[in-house]
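Enquirer: dropping the sequence and predicted coords here.
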Amino acid sequence: MGTAEKMSVLCIDLGSSQISALRGCIDHGGNPVVLNFASAPSGGSVCKGEIVNISAASAILDKVLLQLDLPNGRSAECSRIYCSVSGTSIRSRQGEGNVMIYEGNHQITANHIIEAVEKAESITLPPDRIILNTFDSYFMLDSRYRTANPLGHSATRLDAYVHSISADRNRIGTLRTLIRDLGFEVPLRNVFSGIGALYAALREDEKMKGTLLIDVGANLTEYVLVKHDGILLSGVIPVGMDNLANDLAIGLELSMEQCRRFICENRLAKVKAAGESGIEFFSGNHNAKRRIPTGSFEKIIDARLTELFSILREKIGSRDVFRQIEGGIVLTGGGALFASIPDTVRSVMGLHVRCGDVSNVSGAMNDLTPTCRYATLLGLLKLAAEEMNGEENGKLGHMGDMLEGLGERLFGKIKDIMGAFKI
């Protein structure tokens, strides 16, 4: 069996507007390669990141998988599955654990780090919740010096700060049932979709400086703040582009479908670029045309987007971490393509903003452009490559065994000490 075949992976994104999947592999150099991609409208089976009609979602995903040339008996076609998870039930917290170092030279060892991290991860959850992903944030030496890698340093006390993301247990159970019923019996990794987008779109320098990833979807806006390769903050706001479309439909007496097309086509930006002052629409009455001033659109759009990103700024500011964002903001998701969003984000946040196109992925990418729209899906593939390369190199061995059975988790980078996942 060849390397690419052995390393095959399936990535699934159950979005509110689209259900998408790609099949990929890892080439001989350890790089992620897209083999094929397919997508279909979710048809209302997923709402705000939650599966509301499992039979419909299953049928749509089944058709998507068939387009990927994955027939029945699918377990033989891939070694593992990565599936994004989102929704308003996502919660995150910063855990803290400390260890005193009493040995003569006070030198920090891997065992000290493991103990501090395990204490930081020790949280009691309600029975209806499960830890989804866990990532290290940073370490403190003697409560004064911050570091990303404490191994070998001397200190009397080591504090570990760990970012944990939890989800509704039944939601995860529904996902597992859906995947299993489609014929898969391979390992399934569930990943917060904001982490997938971050993994795909951020450059190395941005991860170090402190950068806020904002993924704007149809019904949700997700955010993740990373600095020095550690996750400091993450969350979900239940507002997306469909909320903007709804505001336009109500305020201008248009249909939702007209407003969705208006947003997807970036029609306002095109009309303004052409120097026109109004946009014509067919009304429902005898199919007559109606001309709406561009200012009417701008007023509604500005109000909704300013409210969304003001809420986000308040969430970040309330945690006293806004000053950590030295690398600016990276936008992903379908909303990143809407011309009004980057300007509004700059205005509200007062920071540099760029669109997070995905790099370092090769293969059948034609249907995955613009890549910022598919950042979550491509990020899952990049994450799979990171994990598989670690396993091939023997980096996950002992630590991976230690953490076996603690739930479906991804462990953030604690450098190469324990061979965990690099953000």
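Expert: Received the coordinates, thanks.
Enquirer: now do the SS call for the nearest residue to Pro32 once chain neighbours are set aside.
Expert: Spatial nearest neighbour of Pro32, excluding adjacent residues (CB to CB, 6 or more residues apart in numbering): Ala385 at 4.1 Å. Any C-beta I mention is one placed from the backbone N, CA and C, and that applies to glycine too. The three-state label given to Ala385 by DSSP: H, G, I helix; E, B strand; the rest coil is helix.
Enquirer: I figured Ala385 hits Ile26, correct?
Expert: Yes - contact between Ala385 and Ile26 holds when scored by CB atoms under 8 Å: they sit 5.1 Å apart.
Enquirer: quickly list what's touching both of the two.
Expert: Counting by CB atoms under 8 Å, 6 or more residues apart in numbering, the contacts common to Ala385 and Ile26 are Pro32.
Enquirer: next, count neighbours for Ser166.
Expert: Per other CB atoms under 10 Å, the neighbour tally for Ser166 reads 22.
Enquirer: an error on my part: the question was meant for Ser45.
Expert: Ser45: 20 neighbours (other CB under 10 Å).
Enquirer: can you check Asp357 too?
Expert: With other CB under 10 Å as criterion, Asp357 counts 16.
Enquirer: for the one 3 residues further on, same thing?
Expert: In terms of burial, Asn360 registers 10 neighbours under the definition other CB under 10 Å.
Enquirer: same check, this time on the one 3 residues further on
Expert: Around Gly363 sit 19 other residues, with neighbours defined as other CB under 10 Å.
Enquirer: for the one 10 residues further on, same thing?
Expert: Taking other CB under 10 Å as the criterion, the count of residues near Arg373 is 21.
Enquirer: how about the closest residue to it other than its chain neighbours, what does it touch?
Expert: Distance criterion CB to CB, 6+ apart; nearest residue to Arg373, sequence neighbours excluded, is Gly334 at 5.1 Å. Shown in contact with Gly334 (CB under 8 Å, 6+ apart): Ser17, Val216, Gly217, Ala218, Met241, Cys264, Arg373.
Enquirer: using JSON lines, lay out those residues together with distance to Leu182, pLDDT and secondary structure.
Expert: Output for the contacts of Gly334, formatted as JSON lines (distance: CB to CB, whole Å; pLDDT from 0 to 100; DSSP: H, G, I helix; E, B strand; the rest coil):
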{"residue": "Ser17", "distance to Leu182": "21", "pLDDT": "92", "secondary structure": "coil"}
{"residue": "Val216", "distance to Leu182": "29", "pLDDT": "97", "secondary structure": "strand"}
{"residue": "Gly217", "distance to Leu182": "24", "pLDDT": "95", "secondary structure": "coil"}
{"residue": "Ala218", "distance to Leu182": "23", "pLDDT": "94", "secondary structure": "coil"}
{"residue": "Met241", "distance to Leu182": "29", "pLDDT": "97", "secondary structure": "helix"}
{"residue": "Cys264", "distance to Leu182": "29", "pLDDT": "94", "secondary structure": "helix"}
{"residue": "Arg373", "distance to Leu182": "25", "pLDDT": "95", "secondary structure": "helix"}
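Enquirer: which of those residues count as buried?
Expert: With neighbours counted by 16 or more other CB atoms under 10 Å, the contacts of Gly334 contain buried members at Ser17, Val216, Gly217, Ala218, Met241, Arg373.
Enquirer: and those as JSON lines, adding distance to Glu280?
Expert: Listed next are these as JSON lines, based on distance: CB to CB, whole Å:
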{"residue": "Ser17", "distance to Glu280": "26"}
{"residue": "Val216", "distance to Glu280": "27"}
{"residue": "Gly217", "distance to Glu280": "29"}
{"residue": "Ala218", "distance to Glu280": "26"}
{"residue": "Met241", "distance to Glu280": "22"}
{"residue": "Arg373", "distance to Glu280": "28"}
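Enquirer: and of these, the nearest to Arg189?
Expert: Closest approach between the buried ones among the contacts of Gly334 and Arg189, by CB to CB: Gly217, at 20.6 Å.
Enquirer: relative to Gly251, how far out is that closest one?
Expert: 22 Å (CB to CB, to the nearest Å).
Enquirer: one more: Gln18?
Expert: For Gln18, the distance to Gly251 equals 26 Å [CB to CB].
Enquirer: wouldn't Gln324 be in contact with Lys227 here?
Expert: Yes - contact status for Gln324 versus Lys227: in contact at 5.2 Å, counting by CB under 8 Å.
Enquirer: what sits against the most centrally placed residue in the chain?
Expert: With distances taken as CA atoms, centre = their mean, Gly194 lies nearest the centre of the chain, 1.9 Å away. Shown in contact with Gly194 (CB under 8 Å, 6+ apart): Ser86, Leu213, Asp215, Glu222, Tyr223, Val224, Ser234, Val236, Thr376.
Enquirer: show the end-to-end separation of stretch 224-232, please.
Expert: The first and final residues of stretch 224-232 sit 8 Å from each other (CA to CA, to the nearest Å).
Enquirer: which outside residues touch it?
Expert: Residues contacting stretch 224-232 (CB under 8 Å, 6+ apart): 94, 135-138, 148, 161, 163, 194-195, 197-198, 202, 206-213, 233-234, 316, 321, 324-326, 412-413, 422-423.
Enquirer: buried residues in stretch 28-35?
Expert: Pro32, Val33, Val34, Leu35.
Enquirer: I meant to write stretch 126-144 there.
Expert: Burial within stretch 126-144, assessed by neighbour count using 16+ other CB under 10 Å, is assigned to 129-141.
Enquirer: ok now that stretch, how far from the chain's centre?
Expert: Averaging C-alpha positions (CA atoms, centre = their mean, to the nearest Å) puts stretch 126-144 18 Å from its chain's average.
Enquirer: pLDDT of it, averaged?
Expert: For stretch 126-144, the per-residue pLDDT values average out at 91.
Enquirer: for stretch 220-230, same thing?
Expert: If you average the pLDDT over stretch 220-230, you get 91.
Enquirer: fine by me, we can end here.
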